[in-house]
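**Student:** Okay, sequence plus prediction incoming.
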Amino acid sequence: MGAEVVIEGLTKSFGKQAIWRDVTLNLPPGEVSVMLGPSGTGKSVFLKSMIGLLKPDKGKCEINGTDIVRCSERKLYETRKLFGVLFQDGALFGSMNLYDNVAFPLREHTKKSETEVRRIVLEKLELTGLSGAEDKLPGEISGGMRKRAGLARALVLDPEIILCDEPDSGLDPVRTAYLSQLLIDLNAQIDATILIVTHNINLARTVPDNIGMLFRKELVMFGPREVLLTSDEPVVEQFLNGRRLGPIGMSEEKDSAQMALEQEQADAGHHDGSTEDVRGIVPQLQPTPGLPERQGAIRRKDRVVQVLHTLPEPAREGIIASLTPEERRHYGIPEPAVTAGGRTQVHGNLPAGDVADLPGSPAWPSGEQSAPTQPLRPRRGGA
Amino acid sequence: MSSRPATVPGLGMLRETGKLFALGLDIARGLFQRPFQLREFIQQAWFIASVTILPTALVAIPFGAIISLQFGSLASQLGAESYTGAGSVLATVQQAAPLVTALLVAGAGGSAICADIGARTIREEIDAMEVLGVSAVQRLIVPRVLACMLVAVLLNGMVSVIGVLGGYFFNVVLQGGTPGAYLASFSALAQLPDLWVGEIKALIFGFLAAVVASYRGLNPPPGPKGVGDAVNQSVVITFLLLFVVNVVVTLIYLQLVPPKLG
């Protein structure tokens, strides 16, 4: 199982300039999370603080119980071996060819024989579609290839946490889709906790289990994907739809005069930059058929159902609609009414007690409690 | 770096100095940590030697010559020609050789190290290495510092020999000095610690040059131009440090080691 990351009250500033304040979030083990945010909100700084490259001013960041803000250097290096980090530009070692780059962590940290190293390296290169490019130097290949090679290098030590800094920047939509699939497949295979920092809305809508958003020096929200995707928060809405209309401006913030002017222009028929409202829950990307079910997704289902009554209504409806009848019975959630359009929806308030229980918890009728909890069967295709 | 507002003038400089010392200590500690990066060390030593040997040799001959000529003419004015040998050889071995060595190690080797590390830093290679759980100081900097120290000590020996031979040639052949007097005065006044102090100086200077180069390389101003500036600064800072440290070491040596009485 992947490592759990608990971040509490993390604050970072450069001199007098605050980057973000009081960021508190929890990356559940084995789940895929995405951090969104306009350019310049310190997303990359956030990633670097998580791995101890930058020292936050306050707060803690615990990985498997080790607070990497405050631990000793030796402990920090030990903890970093759990990470696989994909940098924006791949950050390959310019003096080594791709093969040596990918082999580097193995040679530094393991006592594997050279044949063993070769097997693993070629496997990872093939996984990222780089077979045959082993002898190329990083300077001789395209940005997309560098990025994939960086990913291959991040994967050789079978990390428990994978951090990706804008995996899609510099990649075309098709390669981005492949990369997204690769990340989900990896998650199914090694059950690593994954955090992706990106601006790519498509990726954010389809890949993660959880989404967070940084804006105005703080974490606007972090939670199950359904919450952010159905959110009415103006920042989130604007960002997801890529509109000029809203609180995000060209420079990070906008004043009210500018906002009023833009609203006026938009009302007068001026195009606001967006195409259509892409909010709403779309089916999540699933592992390639033949791969095991994502353990993280199964754990997430239990976790989300437990807090279901605390979530806003649209998110709750979305989650319930994404469960199969079998799962709904398993969790004791009433069947939703089927609307005319054939789309399943749940309306109204659900009694908190009904949805907040996992099978096996004390509130469950005693007859069923004695039966062992059935693991959910693998399922593909979302709703 | 420079973006940080300093509340008291000079505080920024103190902070930089402190960080330089901290890196120096980290490196000193890294020298004794295993595993030792033998391959990197050999490659770097070879590289630094290859860029410094020829220029050092070419500088050493005229350097030995000017000391010898200057001292020879002064000594003949004072009527002390017989001590020319001792004077010029001691000056060459104790002062000229370590300084020439250090200037070239800093100028050729140090600038290359600074540029290399600086480019890696701005390309996030150093970060990537740290994230892979490999200490950049241990993996990259320590072998370079050791290589610089080794090359400085070896070069110092070479410069001493070439400088002394050059001095001998200019004094005996061009100024008409007596070979016998040259050698006799030398063995009368010079002693083994004079050679040791020269080597120790070279060792210290090599260490300094490499530490300053690595420090500037690890903390360059932003952007590709920043790396160029960092290289520039590293050479200038090293030169300034070398001369100050040279004064200190020379003073200590003169206090500790009694001069040999001819």
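**Tutor:** Nice, I can see it. Residues are numbered from 1 along each chain as shown, chains lettered A, B, ... in the order given.
**Student:** and B:Asp229, how far is that from chain A?
**Tutor:** 20 Å (Cβ to the nearest Cβ, to the nearest Å). From N, CA and C alone the C-beta is placed, and that goes for glycine too.
**Student:** Could you find the closest non-adjacent residue to A:Gly2?
**Tutor:** A:Thr193 (3.5 Å; Cβ to Cβ, 6 or more residues apart in numbering or on different chains).
**Student:** Could I get the phi/psi values of that neighbour?
**Tutor:** Per-residue torsions, A:Thr193: phi -80, psi 130 (degrees, to the nearest 10).
**Student:** Looking at A:Ser33 now. What's its pLDDT?
**Tutor:** A:Ser33 carries a pLDDT score of 92 in this model.
**Student:** would you say it is within a strand?
**Tutor:** Yes. A:Ser33 sits within a strand when classified using DSSP: H, G, I helix; E, B strand; the rest coil.
**Student:** The residue lying closest to it once chain neighbours are set aside: what's it in contact with?
**Tutor:** The shortest distance from A:Ser33 to any non-neighbouring residue, by Cβ to Cβ, 6+ apart, is to A:Asn210 (4.2 Å). A:Asn210 makes contact with A:Leu27, A:Pro28, A:Glu31, A:Val32, A:Ser33, A:Val34, A:Phe222, A:Gly223, A:Pro224, A:Arg225, according to Cβ atoms under 8 Å, 6 or more residues apart in numbering or on different chains.
**Student:** thinking the fifth one is in contact with A:Asp209, fair?
**Tutor:** Yes. With the criterion set as Cβ atoms under 8 Å, A:Ser33 and A:Asp209 qualify as a contacting pair; they are 6.7 Å apart.
**Student:** which residues touch B:Val151?
**Tutor:** The neighbours of B:Val151, taking Cβ under 8 Å, 6+ apart as the test, are B:Ala45, B:Ile48, B:Ala49, B:Thr52, B:Val105, B:Gly109, B:Gly206.
**Student:** Check chain A for its longest helix and report it.
**Tutor:** Counting by DSSP state H, the longest helix found in chain A is helix A:173-190.
**Student:** Next, the angle helix A:173-190 makes with the helix or strand following that one.
**Tutor:** As assigned by DSSP states H and E, the chain's next helix or strand after helix A:173-190 is strand A:193-197. Orientation check (axes from the mean of the first three to the mean of the last three Cα atoms, to 10 degrees): strand A:193-197 against helix A:173-190 gives 160 degrees.
**Student:** in strand A:193-197, what's buried?
**Tutor:** Going by neighbour count (16 or more other Cβ atoms under 10 Å in any protein chain shown), the buried part of strand A:193-197 is A:Thr193, A:Ile194, A:Leu195, A:Ile196, A:Val197.
**Student:** a markdown table please, covering the contacts of A:Asn210 and showing distance to B:Ala188 and neighbour count.
**Tutor:** Converted to a markdown table, these look like this (distance: Cβ to Cβ, whole Å; neighbours: other Cβ atoms under 10 Å in any protein chain shown):
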| residue | distance to B:Ala188 | neighbour count |
| --- | --- | --- |
| A:Leu27 | 77 | 26 |
| A:Pro28 | 82 | 20 |
| A:Glu31 | 82 | 25 |
| A:Val32 | 81 | 30 |
| A:Ser33 | 80 | 23 |
| A:Val34 | 81 | 25 |
| A:Phe222 | 82 | 21 |
| A:Gly223 | 87 | 19 |
| A:Pro224 | 89 | 23 |
| A:Arg225 | 88 | 27 |
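**Student:** export these to a markdown table and tack on distance to B:Thr238?
**Tutor:** Formatted as a markdown table, those follow (distance: Cβ to Cβ, whole Å):
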| residue | distance to B:Thr238 |
| --- | --- |
| A:Leu27 | 45 |
| A:Pro28 | 51 |
| A:Glu31 | 51 |
| A:Val32 | 49 |
| A:Ser33 | 47 |
| A:Val34 | 47 |
| A:Phe222 | 48 |
| A:Gly223 | 54 |
| A:Pro224 | 56 |
| A:Arg225 | 55 |
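**Student:** Name the nearest of those residues relative to chain B.
**Tutor:** Using Cβ to the nearest Cβ, A:Leu27 comes nearest to chain B of the contacts of A:Asn210, at 16.9 Å.
**Student:** Kindly state the beta-bridge partners for the nearest residue to that closest one once chain neighbours are set aside.
**Tutor:** Spatial nearest neighbour of A:Leu27, chain neighbours left out: A:Val5 (4.0 Å); criterion: Cβ to Cβ, 6+ apart. Beta-bridge pairing for A:Val5 (DSSP bridges): A:Leu27, A:Ile63.
**Student:** Who are the contact partners of A:Val5?
**Tutor:** A:Asn26, A:Leu27, A:Met50, A:Cys61, A:Glu62, A:Ile63, A:Ile161, A:Thr193, A:Leu195 are the contacts of A:Val5 under Cβ under 8 Å, 6+ apart.
**Student:** do that again at 7 Å, thanks
**Tutor:** A:Leu27, A:Cys61, A:Ile63, A:Ile161, A:Thr193 (Cβ atoms under 7 Å, 6 or more residues apart in numbering or on different chains).
**Student:** Now A:Glu8: phi and psi?
**Tutor:** Torsion angles, degrees, to the nearest 10, at A:Glu8: phi -130, psi 120.
**Student:** all strands for chain A, in order.
**Tutor:** Counting by DSSP state E, chain A has strands at residues A:5-14, A:17-27, A:32-36, A:58-63, A:66-67, A:83-86, A:161-165, A:193-197, A:210-215, A:218-224, A:337-338, A:344-345.
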